[in-house]
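[1] sequence plus predicted model, see below.
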Amino acid sequence: MTAHHLEIALSSVIRGQKPIIRRMLACMAAGGHLLLEDVPGTGKTTLAKAFARAIRGADFKRVQFTPDLLPSDILGLSIFDPSQSTFRFQPGPIFTDILLADEINRSSPRVQSALLESMAERQATIDGKPYPLQALFFVIATQNPVEFRGTYPLPEAQMDRFMMQCSLGYISEEEEVAILNDQIDQHPVDTMEPVVTREEMLQLMADARAVHISEELRHYCVKLASATRKHPDLQLAASPRASLALMKCAQAMSLMEGRDFVIPETVQDIAVDVLAHRLSLTTDARYAGRTAANIVREILSDTPVPPWPLPRELHGQCLPKDTSVPRNYTSVPPNNTSVPRNNTSVSPNNTKVSPNNTSVPRNNTSVSPNNTKVSPNNTKVSSNNT
């Protein structure tokens, strides 16, 4: 219910972006961080502000990244206190629940690297002393992929810290008209009320970790990441961190979809957003017009989906109506014995094949209760051939 309430609240402010809203919620529930890359004016900053307002008790900080920004402007620094003759630590904006790193690629790599430790380990080391961050710590970074003047491309190590990279894109004309109607008097973000609490968000993260993912699907996540390491058009492939992010994000996305177990379609749906931004193409591949997203889609089509068993607690139960189960799943009974669903099968010539592989015509003869066969001409023939 927590995710459902957030989706409804955010969709009323950010029009036409329900898939991105769900991905953002899944990214946070999985304990990751989100990179929003799109042209100006598509609602990246508004989405982050609305998300922070929807959580009661959550602390929100925004940092506008500029070329003259320093690492201490993000992490904080020690200030000398003359009255106490000691240094006092002044925390920076990174000590918050939700951090909006607006136009992150406008700062120098030195400043960008200040986020590496905090995004990976949820702590910041200042003056040799580690400071833990909030349990709800979530970074939403934005960048413009079109304008390159005065920007610094994010290094590969920084890109790998983001669990997902998404693009909002342009919306339909009807949704854009709805935006105009919403902002005639004031911006809907200004009147937005919290719909969930900070404690409920922490519980949502715990619920995402408890979502069942089978051993077969864990191998499938590893195979997708491993396939990038053998691809000839890639000079930098997905690391084990990518496999871990794919698994965790699939668990969280399954929770957003109302399931407590992962299906292959969920892994395939998020694979591009989780893996593509971590890949680096060769020079020949870039000049040939190849993209990392297209390579991930090729890997998805070439990698076979393994049969996956349903969780044991689901045996004998009906799946929710909105749950799509692929055709190649296998249902293993609780006693680990494989039992076919039907003891008889129908051959193409309309004959029923019994378990002992004897073929008996389906409609030619019938067996009466007194163990006599009745032929089609209504003449009774006893079973002892008399």
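    Received the coordinates, thanks.
[2] leaving aside the residues next to it on the chain, what's closest to Ser243?
    Of all residues not flanking Ser243 in the chain, Ala225 sits nearest, at 4.3 Å (Cβ to Cβ, 6 or more residues apart in numbering). Placement of C-beta: from N, CA and C, glycine included.
[3] just say helix, strand or coil for that neighbour.
    Secondary structure, DSSP: H, G, I helix; E, B strand; the rest coil: Ala225 is helix.
[4] what's around it, how many residues?
    By the criterion of other Cβ atoms under 10 Å, Ala225 has 24 neighbours.
[5] which residues touch it?
    Contacts of Ala225 were listed using Cβ atoms under 8 Å, 6 or more residues apart in numbering, and they are 237-240, 242-243, 246, 275.
[6] go again with 10 Å.
    Applying Cβ atoms under 10 Å, 6 or more residues apart in numbering, one finds that Ala225 lies in contact with 237-247, 271, 274-275, 278, 299.
[7] nearest spatial neighbour of the residue positioned nearest the centre of the chain, chain-adjacent residues omitted?
    Using Cα atoms, centre = their mean, the residue of the chain that lies closest to the mean C-alpha position is Cys249, 3.7 Å off. With Cβ to Cβ, 6+ apart as the criterion, Cys249 has its nearest non-adjacent residue at 4.9 Å, and that residue is Ala30.
[8] domains of the chain?
    Domain assignment for the chain, taken from automatic domain parsing, gives 1-188, 210-315.
[9] correct me if wrong: the residue nearest to Cys249 contacts Ala206.
    No: with the criterion set as Cβ atoms under 10 Å, Ala30 and Ala206 do not qualify as a contacting pair; they are 11.6 Å apart.
[10] can you report how many residues neighbour Arg106?
    Using other Cβ under 10 Å as the criterion, Arg106 is surrounded by 20 other residues.
[11] where does the stretch 251-386 of the chain have low pLDDT?
    Within the stretch 251-386 of the chain, the stretches with pLDDT under 70 are 308-386.
[12] one more time with 90
    Per-residue confidence of the stretch 251-386 of the chain (counting by pLDDT under 90) places the weak regions at 306-386.
[13] returning to that earlier point: save the domains of the chain as a markdown table, and put in distance to Met201 too.
    Formatted as a markdown table, the domains of the chain follow (distance: least, Cβ to Cβ, whole Å):
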| stretch | distance to Met201 |
| --- | --- |
| domain 1-188 | 6 |
| domain 210-315 | 12 |
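[14] for Thr197, find the nearest of those domains.
    Each of those has some distance to Thr197 by Cβ to Cβ; the shortest is domain 1-188, at 4.8 Å.
[15] mind checking the end-to-end distance for that closest one?
    Domain 1-188 has an end-to-end distance of 23 Å (Cα to Cα, to the nearest Å).
[16] and that domain, how far from the chain's centre?
    The gap between the average C-alpha position of domain 1-188 and the chain average comes to 18 Å, counting by Cα atoms, centre = their mean, to the nearest Å.
[17] ok, now stretch 223-237?
    With Cα atoms, centre = their mean as the basis, the mean position of stretch 223-237 lies at 20 Å from the chain mean.
[18] what is the mean pLDDT for it?
    When pLDDT is averaged along stretch 223-237, the result is 95.
[19] CA atoms of that stretch as CSV?
    Coordinates of the C-alpha atoms in stretch 223-237 are reproduced here as CSV (Å, rounded to 0.1, in the frame of the first residue of the first chain):
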residue,chain,number,x,y,z
LYS,A,223,24.4,-14.6,-17.2
LEU,A,224,23.1,-11.3,-18.5
ALA,A,225,26.0,-9.4,-16.8
SER,A,226,28.5,-12.0,-17.9
ALA,A,227,27.4,-11.8,-21.5
THR,A,228,28.6,-8.1,-21.6
ARG,A,229,32.1,-9.2,-20.7
LYS,A,230,32.3,-11.3,-23.9
HIS,A,231,30.8,-8.8,-26.3
PRO,A,232,33.2,-7.6,-28.9
ASP,A,233,31.7,-4.1,-29.1
LEU,A,234,32.3,-3.3,-25.4
GLN,A,235,35.6,-2.2,-23.8
LEU,A,236,34.0,-1.9,-20.3
ALA,A,237,31.5,-4.5,-19.3
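[20] so who does Ala135 touch?
    Listed by Cβ under 10 Å, 6+ apart, the contact set of Ala135 reads 31, 97, 122, 198, 201-202, 205.
[21] for those residues, which single residue is the most surrounded?
    Neighbours here mean other Cβ under 10 Å. Within the contacts of Ala135, the largest count is held by Met201, at 25 neighbours.
[22] any idea how far Val146 is from it?
    For Met201, the distance to Val146 equals 33 Å [Cβ to Cβ, to the nearest Å].
[23] could you do Gly16 as well?
    21 Å.
[24] how about the lengthiest helix in the chain: buried residues?
    Of all segments of type helix in the chain, defined using DSSP state H, the longest is helix 240-256. Taking 16 or more other Cβ atoms under 10 Å as the neighbour-count basis, helix 240-256 is seen to contain the buried residues 242-256.
[25] try stretch 188-203
    When burial is assessed from 16+ other Cβ under 10 Å, stretch 188-203 yields the following buried residues: 188-189, 192, 195-196, 198, 200-201.
[26] shouldn't Pro194 be within a strand?
    No: Pro194: not assigned to a strand; according to three-state DSSP it is coil.
[27] tell me the phi and psi of the residue nearest to it when sequence neighbours are not counted?
    Spatially, and ignoring its direct neighbours in sequence, Pro194 is nearest to Arg56 (3.5 Å; Cβ to Cβ, 6+ apart). Taking degrees, to the nearest 10, you get phi -70, psi 130 for the backbone angles of Arg56.
[28] which residues touch Arg56?
    The neighbourhood of Arg56, defined by Cβ under 10 Å, 6+ apart, consists of 193-201.
[29] alright, calling it a day.
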